[in-house]
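Asker: quick one: sequence and predicted model below, then my questions.
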Amino acid sequence: MARQNLSQQTAERLYNLVAAERRFAPGEKLPSEPLLARSLGVSRATLREALGALAARGILEVRRGKGTFVSPRLDELERFGFRSLARVKGQLRDLFELRSIFEPSAARLACQRATGEEMEEILQLGAEVERCIRAGEDRTAADRAFHTAIVRATHNEFMVRLLPVIDEAVSTAVAAGEHPEVLAEDTLRDHALLLEFFRKRDPEGAEHAMAIHMRHSMDVMELEQA
């Protein structure tokens, strides 16, 4: 089990070097196994397992007699959403950490600054999220729209610039697909509390409710915080 975990960790480190940090470009040949194993601090056996895992997913190509290369189709694979489970977890943790920092403040400001029309939109979108959950429908679009409306109601230009973070977090959480029933139940409960504070125009209550919502989401998806 330890060796399997180490090979998975090594595969994730290699994936990050290739896809996130772009140390090696699409089509580029990787260093020899001895050099690569030494730079990663693992045995050649562990490295081979990691290389094999990435090759099986199309990220790397092993060319007999020539070596191991980054897939020329790497950008296409990324664009169409390839992510290893470990990468999904890492992305979700980072995304929800950022959300937990700025969305509670956004909820507070929205309570203070939203126009009557904006507040009505927030409440209607919250109701739509609830309807989707109770009907067993995909709530991704509704959830995005709800959180987006809150951020826009802050009338803060730089908070609005963080909206892509919400889109990515919601999409990635749905793609991870872990504990969907529990996550849906928590969303129903958390959103109900949040909407109640919005109706009352209670900034502190809304801020705390959003923080609780972010914490519950991270707990359900088992995203550990340092």
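Answerer: That came through fine. Numbering: from 1, shown residues only.
Asker: which helix or strand in the chain has the lowest average pLDDT?
Answerer: helix 74-79 (a mean of 60; mean pLDDT, DSSP states H and E).
Asker: pLDDT at the residue nearest the centre of the chain, what is it?
Answerer: Centroid-nearest residue in the chain: Leu92, 3.1 Å away (criterion: C-alpha atoms, centre = their mean). At Leu92, the model reports a pLDDT of 77.
Asker: also Glu204?
Answerer: For Glu204, the predicted pLDDT is 98.
Asker: for it, helix, strand, or coil?
Answerer: Three-state assignment for Glu204 (DSSP: H, G, I helix; E, B strand; the rest coil): helix.
Asker: not counting its neighbours along the chain, what's nearest it?
Answerer: Nearest non-adjacent residue to Glu204, counting by C-beta to C-beta, 6 or more residues apart in numbering: Arg108, 6.9 Å away. The way it works is simple: take the backbone N, C-alpha and C, and place the C-beta from them, glycine included.
Asker: how close does the one you found get to Asp202?
Answerer: As defined by C-beta to C-beta, to the nearest Å, Arg108 lies at a distance of 9 Å from Asp202.
Asker: so between these two, which is more surrounded?
Answerer: Arg108 (21 against 15; other C-beta atoms under 10 Å).
Asker: stretch 109-117: end-to-end distance?
Answerer: By C-alpha to C-alpha, to the nearest Å, the extent of stretch 109-117 from end to end equals 16 Å.
Asker: what's it in contact with?
Answerer: With C-beta atoms under 8 Å, 6 or more residues apart in numbering as the test, stretch 109-117 has contacts from 118, 122, 150-151, 153-156, 159, 197-198, 201-203, 206.
Asker: how far does it sit from the chain's center?
Answerer: Averaging C-alpha positions (C-alpha atoms, centre = their mean, to the nearest Å) puts stretch 109-117 28 Å from its chain's average.
Asker: list the buried residues in that stretch.
Answerer: Buried positions in stretch 109-117, judged by neighbour count with 16 or more other C-beta atoms under 10 Å: 109-111, 114.
Asker: which of those sits closest to Ile133?
Answerer: For the buried residues of stretch 109-117, the residue nearest Ile133 by C-beta to C-beta is Ala110; the value is 21.8 Å.
Asker: if I look at Glu137, how far off is Thr115?
Answerer: For Glu137, the distance to Thr115 equals 29 Å [C-beta to C-beta].
Asker: now do the helices in this structure.
Answerer: Using DSSP state H, the helices of the chain run over 2-15, 33-40, 44-56, 74-79, 85-113, 116-135, 140-152, 157-160, 163-176, 180-200, 203-220.
Asker: hey, which of these is tucked in deepest?
Answerer: Of all these, helix 140-152 carries the top mean neighbour count, a mean of 20, counting by mean count of other C-beta atoms under 10 Å.
Asker: now that one: average pLDDT?
Answerer: 91.
Asker: stretch 31-42 too?
Answerer: For stretch 31-42, the mean pLDDT works out to 91.
Asker: run through who's touching it.
Answerer: Stretch 31-42 has contacts (C-beta under 8 Å, 6+ apart) with 6, 10, 13-14, 30, 43-44, 46-48, 50-51, 67.
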